[in-house]
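J.: Quick check, what structure comes out for this input:
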Amino acid sequence: MIRSVQALRFLFIMLVVMSHVVGAPFDFGGDCGVAFFFILSGFILSYAYGGRVECGEFSVWQFMKKQLAKIYPLHLLMLLAMVLLDWRLGRAYEWYHLLAHVLLVQTWVPDEGFFFVCNGTSWFLCDILFFYMLFPVLYRRIMGMPLRRLAGWMAVVAVVYLLLAFSIPLERVNAVLYASPALRAVDFAIGIVAFRAFSSEAAKNIMRWIRALPPLQITAVEAMLLMSQVAAFFVYADLTPRLHCASMFWPLHVVFLLFFVMADSAGGLVTRVLHMPLMQKLGGVSLEIFLTHMLTLRVLYSLMAAHGYGAEVRLLPAAIAGAVVLVIVVAQITAVAYSRPVARWINSHTLISNS
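T.: Prediction:
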């Protein structure tokens with residue numbers, strides 16, 4: 001695992017968490033974080049499994065079983081918890097809503113009222129499982145295609161995507177651009193393209209150049225890249241929602257990711273912070289943070305309301321900090337006490353291979 005990437009998982013998952021803690025004023029966090037994770041997925045799968053795909057040794061089925069062992073038990077637990085909480089409040093779901101969420105096919109129905117129910121964040125799992133199935137085909141096509149043809153196809157996809165994005169009614173943007181597996185597969189494919197760039201001779205020369213730089217200069221570049229994410233936040237409010245869901249983040253995230261991967265052993269200040277054991281540990285529970293934080297926040301806010309603290313209290317700095325700490329603690333406990341032991345048990349009893 002690239003150590004900087006491990007820590008970046010935590011930073012970007014916290015953007016998603018903050019979007020739910022703060023609400024509409026920080027929608028940027030959700031859009032930015034989700035785009036980063038989809039691109040990162042394409043890159044990391046290529047980095048870890050691309051060689052096996054090229055040799056014909058990669059089994060989609062074995063890989064899917066391994067991933068489902070990690071995500072599915074926790075998904076089911078959070079789904080059950082949310083359903084029980086809603087049942088206590090007299091809310092009920094249609095059977096087909098529940099079935100779609102159990103099977104993780106909910107985002108194939110382009111309706112927010114369909115896939116943003118129960119544990120709403122699980123829509124991400126539906127998309128990512130689809131990408132896993134596409135991975136070998138996309139990897140072979142993208143990595144094996146002549147550069148000029150790849151550039152041409154990228155231009156065509158970009159034009160078609162933008163034409164579609166600007167033809168969708170604004171009220172359908174979330175349902176189609178934000179959550180549709182077919183359209184978010186573009187983000188995943190961009191991650192594979194980023195890996196191809198990382199694998200090139202030009203990238204190797206850039207890596208040698210970066211490693212030869214003084215740490216202070218590397219730190220300056222790292223700081224500029226971090227500021228580019230801050231600048232995107234301020235630009236975000238002035239752009240149409242049709243660009244928020246993905247396309248405004250594509251070039252930003254690719255440059256950001258490639259630099260931190262290339263500089264992973266170079267020793268800039270930001271990289272050294274990302275390599276700290278605490279950051280590595282937090283990055284290791286990013287999945288648990290993602291899947292448990294909605295339930296954690298819901299229980300926390302219910303308890304606050306029961307003690308007379310209204311919704312306005314949630315945005316106080318102390319309340320936000322407390323919510324974030326609680327989310328992390330619950331995720332860590334969940335990983336240690338449930339998701340990791342269950343995944344190990346499933347793997348040992350189903351004889352899942354290392355593919």
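J.: Sketch out the low-pLDDT regions of the chain for me.
T.: Flagging of the chain using pLDDT under 70 yields the residue ranges 1, 350-355.
J.: Now do the contacts for the residue nearest the centre of it.
T.: By CA atoms, centre = their mean, the chain has its centre lying nearest to Phe37, at 2.8 Å. Going by CB atoms under 8 Å, 6 or more residues apart in numbering, Phe37 touches Arg9, Phe12, Ile13, Phe124. (Each C-beta comes from the backbone N, C-alpha and C, glycine too.)
J.: Can you verify my assumption that the last one contacts Gly33?
T.: No: counting by CB atoms under 8 Å, no contact exists between Phe124 and Gly33, whose distance comes to 10.0 Å.
J.: before we move on, back to that, which members of the contacts of Phe37 occur in helices, if any?
T.: Taking DSSP state H, the ones among these that sit in helices are Arg9, Phe12, Ile13, Phe124.
J.: Drop the exposed ones from those and show what's left.
T.: Using 16 or more other CB atoms under 10 Å as the burial test, the ones in helices among the contacts of Phe37 include Arg9, Phe12, Ile13, Phe124 as buried.
J.: What about the closest residue to Leu274 other than its chain neighbours, how many residues nearby?
T.: Computed as CB to CB, 6 or more residues apart in numbering, the closest residue to Leu274 that is not its neighbour in sequence is Ala7, at 3.8 Å. Per other CB atoms under 10 Å, the neighbour tally for Ala7 reads 25.
J.: distance of Ala7 from Asp187?
T.: Per CB to CB, to the nearest Å, Ala7 is found 21 Å from Asp187.
J.: do the same with Leu297
T.: 26 Å.
J.: more crowded one of these two?
T.: Between Leu297 and Asp187, counting by other CB under 10 Å, Asp187 is the more crowded of the two (25 against 19).
J.: Just the element for Leu243, please.
T.: Following DSSP states H and E, one finds Leu243 within helix 241-244.
J.: got TSV for the contacts of Phe37, with distance to Leu162 too?
T.: What follows is those, written out as TSV (distance: CB to CB, whole Å):
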residue	distance to Leu162
Arg9	29
Phe12	24
Ile13	28
Phe124	23
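J.: Need the max-distance pair from these.
T.: Spatially, the most separated pair among the contacts of Phe37 is Arg9 and Phe124, at 13.2 Å (CB to CB).
J.: pretty sure Ile13 contacts Glu288?
T.: No: judged on CB under 8 Å, Ile13 makes no contact with Glu288 at a distance of 9.6 Å.
J.: quick one: common contacting residues for the two?
T.: Counting by CB under 8 Å, 6+ apart, no residue touches both Ile13 and Glu288.
J.: Which residues are in contact with Val16?
T.: Gly29, Gly30, Gly33, Val34, Thr121, Phe290, His293.
J.: if we go to 10 Å?
T.: 29-34, 36-37, 121, 124, 286, 289-290, 293 (CB atoms under 10 Å, 6 or more residues apart in numbering).
J.: same thing with Pro181?
T.: Residues in contact with Pro181 (CB under 10 Å, 6+ apart) are 105, 107-108, 123, 126-131, 133-134, 188.
J.: let's see it at 6 Å
T.: By CB atoms under 6 Å, 6 or more residues apart in numbering, the contact list for Pro181 reads Thr107, Asp127, Phe130.
J.: ok so, going back, could you single out the nearest of the ones in helices among the contacts of Phe37 to Ala48?
T.: Closest approach to Ala48 among the ones in helices among the contacts of Phe37 (CB to CB): Arg9, at 14.1 Å.
J.: looking at it, that closest one is touching Ser286, isn't it?
T.: Yes: between Arg9 and Ser286 there is a contact at 4.1 Å, judged by CB atoms under 6 Å.
J.: ok, how many other residues are close to Ala48?
T.: Using other CB under 10 Å, Ala48 has 11 neighbouring residues.
J.: just the strands in the chain please.
T.: Shown for the chain, no strands are assigned by DSSP state E.
J.: and the residue of it positioned farthest from its centre, backbone torsions?
T.: Of all residues in the chain, Gly308 has its C-alpha farthest from the mean position, at 35.0 Å, by CA atoms, centre = their mean. Backbone geometry at Gly308, expressed as degrees, to the nearest 10, gives phi 90, psi 10.
J.: for Pro214, same thing?
T.: According to degrees, to the nearest 10, Pro214 has phi -60, psi 150.
J.: can you check Ser167 too?
T.: Here is the backbone geometry of Ser167 (degrees, to the nearest 10): phi -100, psi -10.
J.: Next one: the nearest residue to Leu85 once chain neighbours are set aside from Thr121, what distance?
T.: Excluding the flanking residues, the one nearest Leu85 by CB to CB, 6+ apart is Arg298, at 6.9 Å. According to CB to CB, Arg298 and Thr121 sit 12 Å apart.
J.: With neighbour numbers in mind, choose between those two.
T.: Thr121 (21 against 16).
J.: OK, contacts around that one?
T.: With contact set as CB under 6 Å, 6+ apart, Thr121 has these partners: Phe290, Met294.
J.: try the one 4 residues further on
T.: The neighbours of Leu125, taking CB under 6 Å, 6+ apart as the test, are Ile71, Leu104.
J.: quick one: it from Val105, how far?
T.: According to CB to CB, Leu125 stands 10 Å off from Val105.
J.: go on, His293?
T.: According to CB to CB, His293 stands 23 Å off from Val105.
J.: With neighbour numbers in mind, choose between these two.
T.: Taking neighbours as other CB under 10 Å, His293 and Val105 compare with His293 leading, 27 against 15.
J.: what about the residue nearest to the more buried one when sequence neighbours are not counted, neighbour count?
T.: Nearest residue to His293 in three dimensions, chain neighbours excluded: Val327, at 4.6 Å (CB to CB, 6+ apart). Counted by other CB under 10 Å, the residues lying close to Val327 total 26.
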